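Student: What shape does this take:
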Amino acid sequence: MKHIIGLTGPTGSGKSSFSALAEKKGVYVIDCDKIARQVTEGGSECLLKLADVFGEDIIKEGELDRKLLASRAFSDENKKQLLEDTIFPFILNLVLEKIEKSENQTVLLDAPTLYESGIDEFCGDVVAVLGEREIRKERIIKRDFLTEEQAEVRLNAGKSDDFYLERTKNVIYNNSTEEEFLNRSEEILNMLLEEVK
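Tutor: The predicted structure is shown next:
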């Protein structure tokens with residue numbers, strides 16, 4: 001039986017730093033954002049379904065125009081739900097396939113929408129990384145070259161801290177130095193890896 005750890009939290013919280021640390025410890029990491037990109041590659045069944053739902057013009061020169069899709073999908077709650085209903089089944093299939101093929105006993109699923117997609121059902125443990133809104137906003141503006149307005153739209157589309165706090169006891173706050181965050185991450189990782197032994 002594989003030990004599957006879910007990693008989640010809102011955008012800009014620092015999940016990728018946690019993933020990198022897990023990888024160093026020999027954990028097989030599946031990045032669900034990358035999987036989402038894979039399933040929406042040009043010509044894919046998922047991309048064609050998205051075009052049916054959000055308009056043919058989201059496909060530019062055979063590829064998905066992510067910014068255009070995001071501006072439509074995150075404009076209201078119903079459209080966001082439509083996006084998730086369309087894309088999640090494809091992501092889930094590929095994630096399960098990768099878990100199956102992995103030689104590692106411990107797998108980390110880095111999944112911003114872990115609970116919304118239902119992937120949490122496959123996880124023995126879940127870690128949530130949280131951070132103050134303003135700090136997260138600065139991070140995503142730098143990381144994704146967003147305007148303040150685009151960053152706000154993205155942050156508003158996310159869940160509140162309470163959403164994560166109600167669902168897992170393994171919570172790490174990433175509001176101060178990277179060193180402090182990595183120390184706390186290491187503690188939690190070691191504890192979870194120890195449980196498996």
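Student: secondary structure class for Pro112?
Tutor: For Pro112, the assignment made with DSSP: H, G, I helix; E, B strand; the rest coil gives coil.
Student: repeat for Tyr115
Tutor: Assigned with three-state DSSP, Tyr115 falls in the helix class.
Student: Any stretches of the chain with poor pLDDT?
Tutor: For the chain, applying pLDDT under 70 flags the ranges 197.
Student: Quick test: name the residue nearest the centre of it.
Tutor: Pro112 (2.4 Å; Cα atoms, centre = their mean).
Student: Quick check: that one vs Lys142, distance?
Tutor: For Pro112, the distance to Lys142 equals 18 Å [Cβ to Cβ, to the nearest Å]. For the C-beta atoms, the positions are set from N, CA and C on the backbone; glycine is no exception.
Student: what do you get for Gly26?
Tutor: Computed as Cβ to Cβ, the Gly26 to Lys142 distance reads 30 Å.
Student: Then Val129?
Tutor: 17 Å.
Student: Also Ala157?
Tutor: 19 Å.
Student: Have a look at these two and say which one is more surrounded.
Tutor: Ala157 (17 against 11; other Cβ atoms under 10 Å).
Student: so the more buried one makes contact with Asp76?
Tutor: No. Applying Cβ atoms under 8 Å as the test, Ala157 and Asp76 come out as separate, 9.6 Å apart.
Student: Can you tell me the element Arg167 falls in?
Tutor: For Arg167, there is no host helix or strand (DSSP states H and E).
Student: neighbours around Gly14, how many?
Tutor: Gly14 has 22 nearby residues by other Cβ under 10 Å.
Student: Contact partners for it?
Tutor: Counting by Cβ atoms under 8 Å, 6 or more residues apart in numbering, Gly14 touches Val129, Gly131, Arg139, Asn174, Phe181.
Student: Asn156 versus the third one, what's the distance?
Tutor: Applying Cβ to Cβ, one obtains 16 Å for the distance of Arg139 from Asn156.
Student: do the first one as well
Tutor: Between Val129 and Asn156 the distance, using Cβ to Cβ, works out to 19 Å.
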